[in-house]
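**Student:** I'll drop the sequence and a predicted model, then ask my questions.
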Amino acid sequence: MSTRKIYLRADAGYGIGYGHFIRTLALADMLKSDFDCIFFTSSPSAYQISEMKKVCPYKALKEETKFEDFLDFLTGNEIVVLDNYFYTTEYQRAIKDKGCVLVCIDDIHDKHYVADLIINQGIGYTAEDYSCEEYTKFALGLQYSLLRQPFFDACNRKQNNKNSTQGLNILVAFGGSDFLDLTTSVICEIINKENVNKITAIIGDSYNTSNQINNPKLTYRKNLSASEIANLFLSVDVAILPASTMMNEALACGTQIIGGYYVDNQEYDYYTFLKEELILGVGNYKDTQALSLISKYIDKLVYRKTLQITSDTPNRFVQLFKSL
């Protein structure tokens with residue numbers, strides 16, 4: 001009996017960031033031992049190619065014809081996983097009409113879904129939030145966190161509060177593109193504080209390196225592996241992040257978080273994390289008050305509870321996909 005195929009489809013880039021790509025590749029990593037996984041992405045960068053090669057085979061699509069070309073690969077025997085906001089109801093239906101099982105990763109529920117399964121790793125969502133078919137099933141909440149294996153391993157390595165008399169070690173990360181250059185704004189706000197010992201800024205392929213600041217307290221890191229990011233989360237006192245997959249990764253590591261949002265699809269998750277008292281909130285990073293709130297929190301860091309993301313999640317996904 002041949003292994004069932006899963007075709008995973010997600011893009012990355014300057015306009016859309018890397019979140020969809022990273023979390024879908026994380027799902028492929030969880031499923032690859034039990035399924036024949038192939039990743040499809042448009043015009044991948046060298047970093048994307050390197051990451052995909054670590055997980056499963058991949059196929060690069062042309063940006064101009066990516067929607068049509070992907071449909072041409074389908075025979076009807078595959079489980080198809082889509083992750084992005086531009087997959088319309090009509091496009092979903094075209095996949096279903098091929099005979100495929102369809103899984104959609106979604107966190108904004110802004111259209112009608114014909115998917116067999118919807119995955120949403122956010123807190124507080126219910127099936128009633130979605131317009132969907134009667135047969136649609138759901139995998140909702142942090143028990144279905146789409147994280148890479150080193151972050152599940154970190155669940156068992158969480159350290160106690162690391163705040164020391166030597167000053168704070170701080171991680172700043174605003175995703176693969178950071179088109180607003182929030183990284184620089186935040187660094188400029190905190191770098192001269194006496195209680196700041198070290199700042200590590202994670203930047204992506206699309207970051208404008210001409211904006212980098214030269215300061216002995218500051219280190220820029222780029223194209224990090226999941227293990228390297230997990231180790232950073234475990235080593236710092238606090239991380240300054242948007243409400244994104246990276247925030248889930250930090251929570252898995254037990255890292256204290258100063259969090260906010262800067263695009264619409266992050267806002268709901270931000271307020272949910274804030275309501276659950278999992279983060280120190282600054283609101284919209286584009287507002288001037290956000291920087292002053294960051295400064296206030298750094299002056300006197302208040303520790304929040306950490307959320308238990310469990311290490312058995314990968315097996316939960318395997319069993320879920322076997323049931324499709």
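**Tutor:** Looks like it came in fine. Numbering: from 1, shown residues only.

**Student:** What separation do you get for the closest residue to residue 276 other than its chain neighbours and residue 315?
**Tutor:** Closest residue to residue 276 apart from its sequence neighbours, by C-beta to C-beta, 6 or more residues apart in numbering: residue 123 at 6.3 Å. The C-beta positions use only the backbone N, C-alpha and C, and glycine is treated the same way. The span separating residue 123 from residue 315 equals 21 Å under the rule C-beta to C-beta, to the nearest Å.

**Student:** Looking at the two, which has the bigger crowd around it?
**Tutor:** Higher neighbour count among residue 123 and residue 315: residue 123, with 18 against 11, using other C-beta atoms under 10 Å.

**Student:** Would you confirm that that one contacts residue 142?
**Tutor:** Yes. Here residue 123 lies in contact with residue 142, judged by C-beta atoms under 8 Å, at a distance of 6.3 Å.

**Student:** Remind me which helix or strand residue 139 belongs to.
**Tutor:** Using DSSP states H and E, residue 139 sits within strand 137-140.

**Student:** Beyond that strand, next helix or strand please.
**Tutor:** Per DSSP H and E, the first helix or strand lying C-terminal to strand 137-140 is helix 149-154.

**Student:** Flag every buried residue along that following helix.
**Tutor:** 149-152, 154 (16 or more other C-beta atoms under 10 Å).

**Student:** What strands line up against the strand holding residue 139, and which way round?
**Tutor:** strand 117-120 (parallel) (DSSP bridges).

**Student:** What are the buried residues along the strand it pairs with?
**Tutor:** For strand 117-120, by 16+ other C-beta under 10 Å, it's 117-120.

**Student:** from the chain's centre, how far out does that strand sit?
**Tutor:** 15 Å (C-alpha atoms, centre = their mean, to the nearest Å).

**Student:** Pull the residues that contact the next helix or strand after it.
**Tutor:** Using DSSP H and E, the helix or strand that directly follows strand 117-120 along the chain is strand 131-132. Applying C-beta atoms under 8 Å, 6 or more residues apart in numbering, the contact partners of strand 131-132 are 109, 111-115, 118.

**Student:** and with 6 Å instead?
**Tutor:** 112-113 (C-beta atoms under 6 Å, 6 or more residues apart in numbering).

**Student:** thinking again about what came up before, pull out the buried residues from the strand holding residue 139.
**Tutor:** So strand 137-140, judged by 16+ other C-beta under 10 Å, has buried residues 138-140.

**Student:** how far away is the residue nearest to residue 276 from residue 243?
**Tutor:** For residue 123 relative to residue 243 (C-beta to C-beta), the value is 10 Å.

**Student:** for residue 86, same thing?
**Tutor:** Residue 86 is 21 Å from residue 243, by C-beta to C-beta.

**Student:** Quick check on the two: which one has the bigger neighbour count.
**Tutor:** The residue with more neighbours, out of residue 86 and residue 243, is residue 243; 27 against 9, by other C-beta under 10 Å.

**Student:** And the helices in the stretch 51-200 of the chain, which stretches?
**Tutor:** With DSSP state H, counting those that start in this stretch as the criterion, the stretch 51-200 of the chain has helices at 66-73, 89-97, 149-154, 182-190.

**Student:** Where does pLDDT dip in the stretch 151-300 of the chain?
**Tutor:** In the predicted model, the stretch 151-300 of the chain carries pLDDT under 70 at residues 158-165.

**Student:** just the strands in the stretch 151-300 of the chain please.
**Tutor:** 168-173, 196-203, 218-222, 238-242, 257-261, 280-284 (DSSP state E, counting those that start in this stretch).

**Student:** Give the buried residues for the third one.
**Tutor:** Of the residues in strand 218-222, those buried under the neighbour-count criterion (16+ other C-beta under 10 Å) are 218, 220.

**Student:** so the nearest residue to residue 318 once chain neighbours are set aside, which of the three states?
**Tutor:** Spatially, and ignoring its direct neighbours in sequence, residue 318 is nearest to residue 34 (5.2 Å; C-beta to C-beta, 6+ apart). Of the three states, residue 34 takes coil under DSSP: H, G, I helix; E, B strand; the rest coil.

**Student:** For residue 34, grab the count of nearby residues.
**Tutor:** Residues near residue 34, counting by other C-beta under 10 Å, number 16.

**Student:** now do residue 298
**Tutor:** 21.

**Student:** Could you tell me how far the nearest residue to it once chain neighbours are set aside is located from residue 274?
**Tutor:** Spatial nearest neighbour of residue 298, excluding adjacent residues (C-beta to C-beta, 6+ apart): residue 190 at 5.3 Å. Remark: distance between residue 190 and residue 274 (C-beta to C-beta) = 21 Å.

**Student:** In stretch 281-299, which residues are buried?
**Tutor:** Buried residues in stretch 281-299, defined by neighbour count with 16+ other C-beta under 10 Å: 281-283, 285, 290-291, 293-294, 297-298.

**Student:** any idea how far the residue nearest to residue 298 lies from residue 183?
**Tutor:** Taking C-beta to C-beta, one finds residue 190 at 12 Å from residue 183.

**Student:** between those two, who's got more neighbours?
**Tutor:** residue 183 (25 against 22).
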